[in-house]
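Peer 1: The following block contains a protein sequence and its predicted model.
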Amino acid sequence: MESKGVKWLGLAGASFGGGISALYAGRNPDRIKRLFLANPVLDYEKCFLKPTTPWAKQHFESVFERIDRNGFIEIGSRKFKVGRQLFEEMQDYQPCEELKNFSNPLLIVHGDKDSKVSYQDVVDCFGTLPNEDKKLEIIKGSEHGFHEEPYETQVVGMIIDFFKTAQL
């Protein structure tokens, strides 16, 4: 991107992609100028390995035993097959800890009715971040993904405003 004349990069990630974005930004804080996270998975242990939300418990409770029995687990309506290696690797990564290295503008948006990714886990992580240019926006009444109105329009507007107001 630098060779193409791009002066700065912003990164947006949602759900599992939010955790990956947090890992990348925390490990490359000089490359990412602004980071937007929507309903991010910032604690793999509480979301996948020892799940706490109703959805996560349904899909990931006793995940290693289920994988040993079937060779994989299926996730979602498309029955995406996931094996042992992904969950073993999750034990080695802590998105919230990596995010502590990121000091550029950070906006996290999370629905307070999220049944998939714990709202409280995100609030707890946010409270530990030393970043002085951070903001947490809670979308009252929203489930995971902001798929319903007025939440979708509200969050899309936040994303646009967050990146549009960036100083070059």
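Peer 2: Yes, it's here. Numbering: from 1, shown residues only.
Peer 1: secondary structure class for residue 10?
Peer 2: strand (DSSP: H, G, I helix; E, B strand; the rest coil).
Peer 1: so who does it touch?
Peer 2: Shown in contact with residue 10 (CB atoms under 8 Å, 6 or more residues apart in numbering): 32-36, 162-163, 166. All C-beta spots, glycine's among them, are computed from the backbone N, C-alpha and C.
Peer 1: got the domain boundaries for this protein?
Peer 2: Listed by automatic domain parsing, the domain ranges of the chain are 2-43+94-164, 52-93.
Peer 1: Using JSON lines, lay out the ones you listed together with mean pLDDT.
Peer 2: Below are the domains of the chain laid out as JSON lines (pLDDT from 0 to 100):
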{"stretch": "domain 2-43+94-164", "mean pLDDT": "95"}
{"stretch": "domain 52-93", "mean pLDDT": "92"}
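Peer 1: So what does the residue nearest the centre of the chain have for phi and psi?
Peer 2: When CA atoms, centre = their mean is applied to the chain, the residue found nearest the centroid is residue 40 (2.0 Å). Main-chain torsions, residue 40, degrees, to the nearest 10: phi -80, psi 150.
Peer 1: Now do stretch 112-131: distance from first to last residue.
Peer 2: 23 Å (CA to CA, to the nearest Å).
Peer 1: returning to that earlier point: is it possible to get TSV of the contacts of residue 10 that adds secondary structure and neighbour count?
Peer 2: TSV is the format used below for those (DSSP: H, G, I helix; E, B strand; the rest coil; neighbours: other CB atoms under 10 Å):
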residue	secondary structure	neighbour count
32	strand	20
33	strand	18
34	strand	20
35	strand	28
36	strand	22
162	helix	20
163	helix	16
166	coil	12
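Peer 1: so what's the residue nearest to the centre of the chain up against?
Peer 2: Each residue near residue 40 by CB under 8 Å, 6+ apart is listed here: 13-15, 18-19, 21-22, 95, 108, 110, 117, 122.
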